[in-house]
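J.: Build me a model:
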Amino acid sequence: MQESIIQCIEDIEKQILEVAETGQNAGDAVDALGLSHMKLSSAGVIAVLDMLIDGITPVNDDIVTAMLGVCEAQKRFFYALSGLLESGTESMGIVESKSSGKPEADVEPESEEAATKAFEEPPTAEAEPETEADKTAEQPEEEKKAADTPAPKGKGKAERAPAAQAISSIRVGTDRLDRVIELVGKLMVTYAVIAQGGAQNLAQMASSLRELDNVISNLQKEVNAIRLVPLKQIFMPMHRLVKSLSQKIGKKLDFEVAGDDLALDKTIVESLNEPLVHLLRNAVDHGLEDTEGRVAAGKNEAGTVTLSAWRKGDSAFIQVRDDGRGLDPERILSKALEKGLAEADKEYEPKEILQFVLQSGFSTAEQITDVSGRGVGMDAVVNAIRNTLDGDIEIESDLGHGAAFTISIPLDRSANEGIVEALVCKVGGDTFIVPSRDVVEIYMPKVNEVVELPDGRETVDVRGEVHSLLRLADLLDLTPEVDDIQMAQTIVVRVGEYKAAILVDEVLRQQQVVITGFTVPVDEIFHIPILGYGMMGESDALVLDTEEMLQHFEDRIQTGGNRP
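T.: All right, here's what the predicted structure looks like:
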């Protein structure tokens with residue numbers, strides 16, 4: 001039994017070492033480890049694994065070390081099943097000595113701690129591979145230092161993989177840097193004028209303050225412009241992805257890209273990578289017909305998949321279009337009725353029927369393949385777009401001629417950290433900040449507009465539209481200073497398609513605040529919906545995470561009641 005286990009694991013190890021030498025056929029090694037057959041619930045994890053298989057993520061020493069660590073873990077698993085670990089790690093040493101043909105004393109048995117370290121990031125090697133060295137040589141000095149700094153221990157490759165997709169550097173023109181330096185100089189001069197003048201000349205101080213406000217606004221615009229990154233950074237690797245997929249499933253296609261010079265904020269570009277990978281995989285695998293099917297339909301043998309981007313007003317649009325079979329509304333509606341997502345006695349518009357594709361657990365695929373459909377549907381992509389970017393996805397389909405998935409993203413969305421417009425409110429004597437990006441309106445409810453439901457929840461009628469009423473003081477365990485609900489105020493917020501009214505004592509004002517994250521993991525210590533720390537100049541306050549707050553209330557409703 002020992003020899004059989006050793007032989008199986010050694011074959012896989014040889015395959016991994018060949019991948020390390022050639023940098024090719026990483027998918028075969030992943031298949032041998034059984035990772036491609038796992039049913040994963042995260043679209044992000046699947047995208048990371050697929051990008052390795054498709055060659056988008058290059059094979060490096062960290063990945064090879066992690067794969068060999070999985071081999072070691074599998075060997076221990078088989079030893080445990082066969083009862084070979086009864087004597088601890090000594091039996092491992094015996095097996096290793098027999099397999100290598102060396103005396104037992106020459107082979108040191110591997111400890112559990114050593115096996116665990118195989119999943120950690122190894123220390124930086126003295127000699128890097130030539131390809132990695134060439135890449136590092138082109139990076140700025142700061143980026144080299146960041147690349148050479150080992151990550152904290154205890155974090156495996158699987159945990160670090162999403163961070164690898166982040167944009168670590170931005171190329172900035174010298175003219176833009178010159179403008180920033182010029183504005184900083186004006187800022188310093190204006191500050192000196194205010195500091196030296198004091199309160200003696202109020203007219204001069206007022207003029208200096210107006211100049212200061214103007215300089216700060218311009219400086220903010222320049223910094224926001226510096227954060228812009230062209231979509232080319234994530235569009236270019238998609239060529240390799242689509243080519244790899246077409247070869248894998250045996251389909252001929254032409255891949256076209258348009259609008260990749262459109263520049264968006266780096267946080268938006270980073271968040272778009274995984275949803276686009278999922279949409280392109282679906283377009284190639286499910287959207288396009290095979291060669292025989294296209295010929296029978298009177299089409300060219302080679303299909304066309306187009307990835308395009310454009311800007312219109314204050315929104316950006318990214319579209320994945322194919323000229324394949326399209327989406328069948330009748331089939332989708334039938335599947336939706338079967339799964340209980342649609343009402344049998346209701347008539348649906350074609351656009352409404354197509355939206356069922358975005359529902360959780362919905363799929364019309366007849367069989368699961370190793371390209372797409374492995375337990376994660378379009379709902380994972382929709383959640384990433386709506387929750388992370390406050391965007392949406394619109395579906396267009398012409399049966400027999402193709403389909404298009406268009407992502408729309410509002411460009412006025414601010415990042416979780418930085419200068420944002422916000423509402424400042426008071427609850428129980430404390431001050432809190434609500435980002436304006438989530439706010440629809442402020443409303444003062446009347447007594448007859450608030451209704452308490454049998455399960456303890458409350459609703460409020462805001463101009464004929466009924467929303468859930470969420471008492472912020474209850475969630476944060478505070479005592480409200482305003483007992484009369486007619487004297488209190490509600491902040492109507494929207495996250496995705498869901499709206500709710502948050503009851504506070506008073507909304508003080510709207511102003512720009514500087515949001516920064518905590519230096520300690522507050523969200524892991526205290527399970528409260530706090531986004532970060534807001535600095536307003538004369539005072540500071542906690543910034544509410546609207547999305548997390550609504551989820552908190554939803555969880556409490558499911559566990560029995562709205563009140564704590």
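J.: C-alpha only now, for contacts and for neighbours.
T.: Will do.
J.: that's a helix at residue 425, yeah?
T.: No: per DSSP: H, G, I helix; E, B strand; the rest coil, residue 425 lies outside any helix segment and is strand.
J.: next structured bit after the helix or strand of the chain with the lowest mean pLDDT?
T.: The weakest-scoring helix or strand in the chain, judged by mean pLDDT, DSSP states H and E, is helix 157-164 (a mean of 34). For helix 157-164, the following helix or strand on the C-terminal side (DSSP states H and E) is helix 174-197.
J.: other SSEs contacting the helix or strand just after that following helix?
T.: Downstream of helix 174-197, the first helix or strand assigned by DSSP H and E is helix 202-226. If you count contacts as 3 or more Cα pairs under 8 Å, 6 or more residues apart in numbering; DSSP states H and E, helix 202-226 packs onto helix 174-197.
J.: neighbouring contacts of the helix it packs on?
T.: Contact partners of helix 174-197, identified using Cα atoms under 8 Å, 6 or more residues apart in numbering, comprise 204-205, 208-209, 211-212, 215-216, 218-219, 222-223, 226.
J.: gap between it and the chain center?
T.: 37 Å (Cα atoms, centre = their mean, to the nearest Å).
J.: and what of stretch 534-546?
T.: Worked out by Cα atoms, centre = their mean, stretch 534-546 lies 25 Å from the chain centre.
J.: Ends of that stretch, what's the gap?
T.: Using Cα to Cα, to the nearest Å, one end of stretch 534-546 lies 15 Å from the other.
J.: Need the buried ones from the contacts of helix 174-197 selected in PyMOL.
T.: Selecting only the buried entries of the contacts of helix 174-197 in PyMOL, with 16 or more other Cα atoms under 10 Å as the criterion:
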select buried, resi 205+208+209+211+212+215+216+219+222+226
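J.: Buried residues in the helix or strand where residue 470 lies, which are they?
T.: Residue 470 belongs to strand 465-471 when assigned by DSSP H and E. Buried residues in strand 465-471, counting neighbours by 16+ other Cα under 10 Å, are found at 466-471.
J.: Partner strands of that strand and their direction?
T.: The strands beside strand 465-471 in its sheet (DSSP bridges) come out as strand 458-462 (antiparallel), strand 498-504 (parallel).
J.: what's the most buried one of those?
T.: strand 498-504 (a mean of 22; mean count of other Cα atoms under 10 Å).
J.: if we can go back for a sec, do you know which of the strands paired with strand 465-471 lies nearest residue 406?
T.: The closest of those to residue 406 is strand 498-504. By Cα to Cα, the value is 20.8 Å.
J.: How about residues contacting that closest one?
T.: Residues from elsewhere that reach strand 498-504 (Cα under 8 Å, 6+ apart): 425-427, 460, 467-473, 488-494, 550.
J.: C-terminal to it, what's the next element?
T.: Strand 498-504 is succeeded, C-terminally, by strand 506-516 (DSSP H and E).
J.: Mean confidence (pLDDT) on that next one, please.
T.: Averaging the model's pLDDT scores along strand 506-516 yields 84.
J.: picking up where we left off before, report the two of the buried residues of strand 465-471 separated the most.
T.: Across the buried residues of strand 465-471, the longest distance by Cα to Cα is 15.6 Å; it joins 466 and 471.
J.: Tabulate the CA atom coordinates of the host helix or strand of residue 491 in PDB.
T.: Assigned by DSSP H and E, residue 491 falls within strand 489-495. Provided in PDB are the C-alpha atoms of strand 489-495 (Å, rounded to 0.1, in the frame of the first residue of the first chain):
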ATOM      1  CA  GLN A 489     -35.700  62.100  10.500                       C
ATOM      2  CA  THR A 490     -35.300  59.100   8.100                       C
ATOM      3  CA  ILE A 491     -32.500  58.800   5.600                       C
ATOM      4  CA  VAL A 492     -33.800  56.800   2.600                       C
ATOM      5  CA  VAL A 493     -30.800  54.800   1.200                       C
ATOM      6  CA  ARG A 494     -30.500  52.400  -1.700                       C
ATOM      7  CA  VAL A 495     -28.100  49.500  -2.200                       C
END
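J.: Residue 33 contacts residue 12, doesn't it?
T.: Yes: the criterion here is Cα atoms under 8 Å, and residue 33 meets it with residue 12 at 7.3 Å.
J.: Overlap of the contact sets of the two?
T.: With Cα under 8 Å, 6+ apart, residue 33 and residue 12 have common neighbours residue 71.
J.: which residues are in contact with stretch 381-396?
T.: Around stretch 381-396, the neighbours that count as contacts under Cα under 8 Å, 6+ apart are 43, 268, 271-272, 275, 278, 351, 354-355, 358, 403-410, 413, 495-496, 547.
J.: close enough to count as contact, residue 290 and residue 251?
T.: Yes: using Cα under 8 Å, residue 290 is in contact with residue 251, at 5.7 Å.
J.: any shared contact partners between the two?
T.: Joint contacts of residue 290 and residue 251 (Cα under 8 Å, 6+ apart) do not exist.
J.: what residues does the helix or strand hosting residue 441 touch?
T.: Applying DSSP H and E as the criterion places residue 441 in strand 439-443. The contact list for strand 439-443 (Cα under 8 Å, 6+ apart) reads 462, 489-494.
J.: of all these, which two lie farthest apart?
T.: The span of those, defined through Cα to Cα, is set by 489 and 494 at 16.4 Å.
J.: Quick check: buried residues in stretch 236-249?
T.: For stretch 236-249, the neighbour count (16+ other Cα under 10 Å) marks 237-239, 241-246 as buried.
J.: Mean confidence (pLDDT) on the host helix or strand of residue 3, please.
T.: If you go by DSSP H and E, residue 3 is part of helix 2-22. Mean pLDDT, helix 2-22: 82.
J.: counting contacts, what elements does the very next helix or strand once past it pack onto?
T.: Scanning forward in sequence from helix 2-22 by DSSP H and E, the next helix or strand is helix 26-33. In terms of contacts (3+ Cα pairs under 8 Å, 6+ apart), helix 26-33 is packed against helix 2-22, helix 43-53, helix 61-81.
J.: Excluding sequence neighbours, find me the nearest residue to residue 548.
T.: Among residues not flanking residue 548 along the chain, residue 529 sits closest, at 5.3 Å (Cα to Cα, 6 or more residues apart in numbering).
J.: So which of the helices and strands packed on helix 26-33 is nearest residue 305?
T.: helix 43-53 (18.5 Å).
J.: what angle separates the closest one from helix 26-33?
T.: Per axes from the mean of the first three to the mean of the last three Cα atoms, to 10 degrees, the angle that helix 43-53 makes with helix 26-33 is 120 degrees.
J.: Give me the distance from helix 43-53 to the chain's centre.
T.: 13 Å.
J.: helices or strands up against that helix?
T.: Helix 43-53 packs on helix 26-33, helix 157-164, helix 266-282, going by 3+ Cα pairs under 8 Å, 6+ apart.
J.: And for residue 471, nearest residue in space, chain neighbours not counted?
T.: Here the nearest residue to residue 471 in space, its sequence neighbours aside, is residue 503; by Cα to Cα, 6+ apart that works out to 4.8 Å.
J.: gap between the one you found and residue 81?
T.: Residue 503 is 57 Å from residue 81, by Cα to Cα.
J.: Residue 182 too?
T.: Look at residue 182 and residue 81: by Cα to Cα, they are 69 Å apart.
J.: and the strand or helix carrying residue 305, which strands flank it?
T.: Take DSSP H and E as the rule and residue 305 turns out to sit in strand 303-312. Here strand 303-312 is paired, per DSSP bridges, with strand 253-258 (parallel), strand 315-322 (antiparallel).
J.: Comparing the ones you listed, which comes out most buried?
T.: strand 315-322 (a mean of 21).
J.: How far does it sit from its chain's centre?
T.: Mean-position distance between strand 315-322 and its chain equals 18 Å (Cα atoms, centre = their mean).
J.: now for the helix or strand following it, which elements pack on it?
T.: As assigned by DSSP H and E, the chain's next helix or strand after strand 315-322 is helix 329-338. Under the contact definition 3+ Cα pairs under 8 Å, 6+ apart, helix 329-338 sits against helix 350-354.
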